[in-house]
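Undergrad: Show me how the following folds:
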Amino acid sequence: MVSSDQRRRQLAREKFLRQQQRREAARRRARMRNAVIASALAVVVTGGAVSYAAGAFDDDGKPKDEVNASPTKKADPCEKPASGKVKPLSFKKEPAMTIDKSADYAMKLSTTCGDIGLDLSAAKAPHTVNSFNFLVNKGYLDHTKCHRLTAGGIYVLQCGDQQGTGEGTPGYSIPDENLKDKKLKGNVYPAGTVAMANRYSAEKKTGRDSGGSQFFLVYQDSQLPPDYTPFGTISDSGMKVLKKIADAGESTGQGDGAPNATVVINKATVSKS
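TA: Here you go, the predicted model:
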């Protein structure tokens with residue numbers, strides 16, 4: 001005959017075991033999710049319109065579209081874009097080298113959210129800096145939207161696409177450069193880095209030297225393999241602007257989507273110092 005006290009202890013043990021099983025299942029799901037995130041990093045900044053795997057599930061393994069089907073959109077902290085339209089441009093080949101590789105260059109993005117200054121590394125990434133010098137002087141970036149904000153695992157704002165879809169190119173591609181930069185330690189792109197998006201697939205080992213006009217601004221240390229040309233650093237005041245944009249969040253609530261802030265590059269300029 002089992003006493004009521006023994007029965008209570010037995011039920012308590014069974015409840016504890018069930019809890020342990022649920023926790024272990026949750027841990028397994030988390031490990032699987034992290035593996036998916038790691039495999040997805042190679043395509044996060046490909047320049048294509050891809051979905052971001054990180055943050056697709058909550059801690060209980062439920063799809064976030066069930067938990068947060070209607071993400072709350074935060075107030076837009078930015079101003080209305082300046083008058084004017086994107087000037088569609090396309091070029092058949094990479095521009096001839098015209099920059100002075102030994103000189104210092106700076107790019108200024110005058111955006112609806114504030115000015116973002118970039119110090120460019122002409123010596124380490126001459127093809128990239130030369131390309132932006134050419135495109136900016138043609139007005140390529142003027143009135144373009146920064147179309148993508150990621151906020152989970154990697155933390156970047158992506159810009160430079162005239163189409164605003166993640167698929168736009170200037171008609172040519174440029175080689176990867178500076179991938180062995182000492183700043184890229186432990187597969188981390190540190191906050192304040194500006195780097196090129198591209199179509200490289202680490203899994204397929206295809207898509208090298210596929211950079212075009214799209215670039216990303218790192219507003220928080222981001223776990224990424226060194227596959228994306230780092231070609232400059234963001235000014236302190238520019239980082240403050242990026243924080244404002246990041247704090248407004250992105251449209252999907254899942255860590256990857258259009259920024260809630262209306263981020264438009266009203267005017268871009270490149271100067272030699």
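Undergrad: show me what contacts the residue lying closest to Ser173 once chain neighbours are set aside?
TA: Excluding the flanking residues, the one nearest Ser173 by Cβ to Cβ, 6 or more residues apart in numbering is Ser210, at 5.1 Å. No exception for glycine: its C-beta is placed from N, CA and C like everyone else's. Remark: with contacts taken as Cβ atoms under 8 Å, 6 or more residues apart in numbering, Ser210 is in contact with Gly47, Ser173, Asn198, Arg199, Tyr200.
Undergrad: Export those residues as TSV, with columns for pLDDT and secondary structure.
TA: Formatted as TSV, those follow (pLDDT from 0 to 100; DSSP: H, G, I helix; E, B strand; the rest coil):
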residue	pLDDT	secondary structure
Gly47	43	coil
Ser173	98	coil
Asn198	97	coil
Arg199	96	coil
Tyr200	96	coil
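Undergrad: Count the residues that sit near Lys80.
TA: If you count neighbours by other Cβ atoms under 10 Å, Lys80 ends up with 9.
Undergrad: What separation do you get for the closest residue to it other than its chain neighbours and Ser213?
TA: Of all residues not flanking Lys80 in the chain, Thr112 sits nearest, at 6.8 Å (Cβ to Cβ, 6+ apart). If you measure Thr112 against Ser213 using Cβ to Cβ, to the nearest Å, the figure is 19 Å.
Undergrad: Settle it for me: which of the two has more neighbours?
TA: More crowded of Thr112 and Ser213, by other Cβ under 10 Å: Ser213, with 26 against 20.
Undergrad: okay but the more buried one is in contact with Lys138, surely?
TA: No. Taking Cβ atoms under 8 Å as the definition, Ser213 is not a contact partner of Lys138, at 10.7 Å.
Undergrad: In three-state terms, label the residue sitting nearest the centre point of the chain for me.
TA: Centroid-nearest residue in the chain: Val156, 3.2 Å away (criterion: Cα atoms, centre = their mean). Under DSSP: H, G, I helix; E, B strand; the rest coil, the three-state class of Val156 is strand.
Undergrad: Might you report the residue contacts of it?
TA: Val44, Val45, Arg148, Leu149, Thr150, Phe216, Leu217, Val218, Tyr219, Ser222.
Undergrad: Check which helix or strand the fifth one maps to.
TA: Read that as Thr150. Element membership for Thr150 (DSSP states H and E) is strand 148-152.
Undergrad: for Ser131, same thing?
TA: Taking DSSP H and E as the criterion, Ser131 maps to helix 126-137.
Undergrad: give me the number of residues near the nearest residue to Met97 once chain neighbours are set aside?
TA: Excluding its sequence neighbours, the residue lying closest to Met97 (Cβ to Cβ, 6+ apart) is Asn130, at 5.4 Å. Residues within reach of Asn130, counting by other Cβ under 10 Å, total 22.
Undergrad: I figured Asn130 hits Pro95, correct?
TA: Yes. Using Cβ under 8 Å, Asn130 makes contact with Pro95 at a distance of 6.5 Å.
Undergrad: still on that earlier bit, can I get the contacts of Ser210 in JSON lines with neighbour count and distance to Lys124?
TA: Putting these into JSON lines (neighbours: other Cβ atoms under 10 Å; distance: Cβ to Cβ, whole Å) gives the following:
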{"residue": "Gly47", "neighbour count": "28", "distance to Lys124": "21"}
{"residue": "Ser173", "neighbour count": "19", "distance to Lys124": "19"}
{"residue": "Asn198", "neighbour count": "23", "distance to Lys124": "17"}
{"residue": "Arg199", "neighbour count": "19", "distance to Lys124": "22"}
{"residue": "Tyr200", "neighbour count": "22", "distance to Lys124": "19"}
